[in-house]
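**Student:** Build me a structure from this.
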Amino acid sequence: MRKDSQMKLRSKRFYIVLAVAAALATMTVKFIGYFLTGSVGLFSDAAESVVNLVAALVALWAITLATRPADEEHTYGHTKSEYFSSGVEGALIVVAALIIAVEAIPRLLHPQPLEQVGVGLAFAVSGAVMNGVLAWFMLRAGKQQRSIALQADARHLFADVFTTAGVLVGVLLVAVTGWLILDPIVALLVAANIIWTGARLLHETGLGLLDTALPKEDLDHINSILDDYRAQGIVFHALRSRQAGSRRFVSFHVLVPGTWTVLKGHSMCEAIELAIRSSLPETTVFTHLEPREDPTSFADQALDRVPEPEEPSETAPALEERPCKHKTVRQDSLGTDRT
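**Tutor:** Below you'll find the model as predicted:
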């Protein structure tokens, strides 16, 4: 594993381990708050902390797997594994919201008084402060490293903070007004907000699994590099891109004058690929060199190309077969072996 990959792995693991520790701590203090007050709103807050813990453990597994190098079975690497983490987290968030709703609806029909409100809220707020600080650092690191697993966990923690804030308002209103029905109403509103967060995470996971193109700002950056070569008469087409976790994949065709040597065209492709990789780290670039005078160079821009019937060329070198130890090899008049 490369040194920079090892550093990123350690950074991601550090934040996820912190998330696990924070989930354990907040889950404990919030359940204490729930048992002290009997507030279904605080129960909804505590239930989300359980999801935080499970999600952090899944994210730790996904991030560790994502840093594995490519192998024979996974030739494009394992970076897409981070989408499993965000997908699982999105699903767990929705499940947690349903549990909250099941707990809140009976209280809506039969409200119950709250006890020891001040002490219970103090426990809940302390857990929210821990989550808020950690979420801010995790979201910043996730954006810097383009880790959807870190970003998903950070957004979930932020959702937990907003949940606690909503519950705090609800419980305080109950204590001030005496309207017990406000407690389950706040819990149901919290559940709706949690479902929205889960749906967003599932949507982002789906986009990644469907090989959605890179963001517009990344594509604009790539095109700005290609524009320098377009000014020299080089033509580009069939530009495709996708993102797998933190790694980007970009491919395009490079059309050059047919009189160029292979070495000259290859050297230019290498320079273009290096410029893109230098500007967009963790980007794998594939280029395909073609002569711009050949009409067939413009017929392969789609994913599937309808083959045209081949016509014998008068200038094509004659092929002759010569025996080979393992298979028959045809050699053209230029001395190039063709199997």
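
**Student:** Which parts of the biggest helix by length in the chain count as buried, going by neighbours?
**Tutor:** When the chain is parsed with DSSP state H, its longest helix is helix 3-37. Residues 8-9, 11-12, 15-16, 18-20, 22-23, 26-27, 29-37 are the ones in helix 3-37 that count as buried (16 or more other CB atoms under 10 Å). From N, CA and C alone the C-beta is placed, and that goes for glycine too.

**Student:** what packs against that helix?
**Tutor:** helix 40-66, helix 117-145, helix 148-177 (3 or more CB pairs under 8 Å, 6 or more residues apart in numbering; DSSP states H and E).

**Student:** in this protein, which residue is closest to the centre?
**Tutor:** Centroid check for the chain by CA atoms, centre = their mean gives Ile148 as the closest residue, at 3.6 Å.

**Student:** residues contacting that residue?
**Tutor:** Glu82, Tyr83, Ser85, Ser86, Gly142, Glu204, Thr205, Gly208, Gly245 (CB atoms under 8 Å, 6 or more residues apart in numbering).

**Student:** lowest-confidence helix or strand of the chain?
**Tutor:** Of all helical and strand segments in the chain, the minimum by mean pLDDT, DSSP states H and E falls on strand 329-332, at a mean of 37.

**Student:** tell me the mean pLDDT for whichever strand or helix holds Gly206?
**Tutor:** Assessed by DSSP states H and E, Gly206 sits inside helix 182-209. Computed over helix 182-209, the mean pLDDT rounds to 80.

**Student:** got the contact list for the helix or strand just after it?
**Tutor:** Using DSSP H and E, the next helix or strand after helix 182-209 towards the C-terminus is helix 216-230. Here helix 216-230 makes contact (CB under 8 Å, 6+ apart) with 213-214, 236, 239, 241, 248, 250, 252, 268, 272, 275-276, 279-280.

**Student:** gap between Ala124 and Phe35?
**Tutor:** Going from Ala124 to Phe35 by CB to CB, to the nearest Å gives 12 Å.

**Student:** Strands of the stretch 201-339 of the chain, residue ranges please.
**Tutor:** In the stretch 201-339 of the chain, the segments counted as strands under DSSP state E, counting those that start in this stretch are 235-244, 247-256, 283-291, 319-322, 329-332, 337-338.

**Student:** what comes up buried for the helix or strand encompassing Phe84?
**Tutor:** Using DSSP H and E, Phe84 falls within helix 81-109. With burial defined by 16+ other CB under 10 Å, the residues of helix 81-109 counted as buried are 81-94, 96-97, 99-101, 103-104, 107-108.

**Student:** could you say what helices and strands that helix packs with?
**Tutor:** Judged by 3+ CB pairs under 8 Å, 6+ apart, the packing partners of helix 81-109 are helix 40-66, helix 148-177, helix 182-209.

**Student:** in the longest one, what counts as buried?
**Tutor:** By neighbour count on 16+ other CB under 10 Å, the buried set for helix 148-177 is 148-161, 163-168, 170-171, 174.

**Student:** same question, the first one
**Tutor:** Residues of helix 40-66 classed as buried under the neighbour-count rule (16+ other CB under 10 Å) are 40-60, 62-63, 65-66.

**Student:** Output the contacting helices and strands for that helix.
**Tutor:** helix 3-37, helix 81-109, helix 117-145, helix 148-177, helix 182-209.

**Student:** what would these look like in TSV with distance to Ile225?
**Tutor:** Below are the helices and strands packed on helix 40-66 laid out as TSV (distance: least, CB to CB, whole Å):
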stretch	distance to Ile225
helix 3-37	22
helix 81-109	27
helix 117-145	22
helix 148-177	25
helix 182-209	24
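
**Student:** For Asp300, which of these is the nearest?
**Tutor:** Taking CB to CB, helix 182-209 is the member of these nearest to Asp300, at 26.5 Å.

**Student:** Tell me where the stretch 1-150 of the chain is predicted with low confidence.
**Tutor:** Judged by pLDDT under 70, the stretch 1-150 of the chain has its weakly predicted residues at 1-10, 41, 44, 112-120.

**Student:** what about Pro215, how many neighbours?
**Tutor:** Neighbour count of Pro215, defined by other CB atoms under 10 Å: 12.

**Student:** Report the separation between it and Ile222.
**Tutor:** Taking CB to CB, one finds Pro215 at 11 Å from Ile222.
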